[in-house]
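> Need the 3D shape of this:
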Amino acid sequence: MALSTDEENKVREIIEAFTNGKRLSDLPDVSGDNPFKLLCEVLEDGESKKAALAAMLPYMEENCMYGIEYDVTVSSPDVTRIGNMSLHKSLPVHNRMKGCLLDDNGNVVEYLNPSDWTGQTRDGSRGQVMVELPM
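You can find the predicted model right below:
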């Protein structure tokens, strides 16, 4: 089956786009820090579209963030939970933290038992005791 001229041109465009494509790690860092000027690619109903990053921030804050806030001007230890309340129950960030021993080069020597660290060497002879934080 032979391709028409238009079909051949489309195949050439696809090959050129594939050849010139870059991995995320090959892309340069953004030069600004103003989220109102930054654009990102999003998928909507399976279709790629562009969106202003600033337009996505309210969604991220409402659905993907949680934490606490406290008033530093008063001596009360009371805090207020903020963000997505269901994340305060599931603790997605906290549940990914792991105790570990690190060598002097920062390499993990051993992960500590998540339910009880007392049975493991924590005197510094096998590495520094640290908590690995998720990205």
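> Helices along this structure, start to end?
5-20, 53-64, 85-90 (DSSP state H).
> Skipping adjacent residues, who's closest to Gly99 in space?
Spatial nearest neighbour of Gly99, excluding adjacent residues (CB to CB, 6 or more residues apart in numbering): Leu112 at 3.6 Å. Where C-beta positions appear, they are placed from N, C-alpha and C, glycine not excepted.
> need the contact list for the one you found.
Counting by CB atoms under 8 Å, 6 or more residues apart in numbering, Leu112 touches Lys98, Gly99, Cys100, Leu101, Gln120, Arg122, Val129.
> That one and Pro92: what is the separation?
Using CB to CB, to the nearest Å, Leu112 is found at 21 Å from Pro92.
> If you rank every helix and strand of the protein by mean pLDDT, what lands last?
For the chain, scoring each helix and strand by mean pLDDT, DSSP states H and E identifies helix 53-64 as the least confident one, at a mean of 80.
> so Ile82 bridges to which residues?
Going by DSSP bridges, Ile82 is paired in beta bridges with Gly67.
> wouldn't it be in contact with Ile68 here?
Yes. Between Ile82 and Ile68 there is a contact under CB atoms under 8 Å: 6.7 Å.
> For Glu132, see how far away Pro114 is.
In this structure, Pro114 and Glu132 are 11 Å apart, going by CB to CB.
> ok, these two, which is more surrounded?
In terms of neighbours (other CB atoms under 10 Å), Glu132 is the more surrounded of Pro114 and Glu132; the figures are 13 against 10.
> what about Val93, neighbour count?
Val93 is flanked by 14 other residues according to other CB under 10 Å.
> Also Tyr66?
Neighbour tally, Tyr66, other CB under 10 Å: 20.
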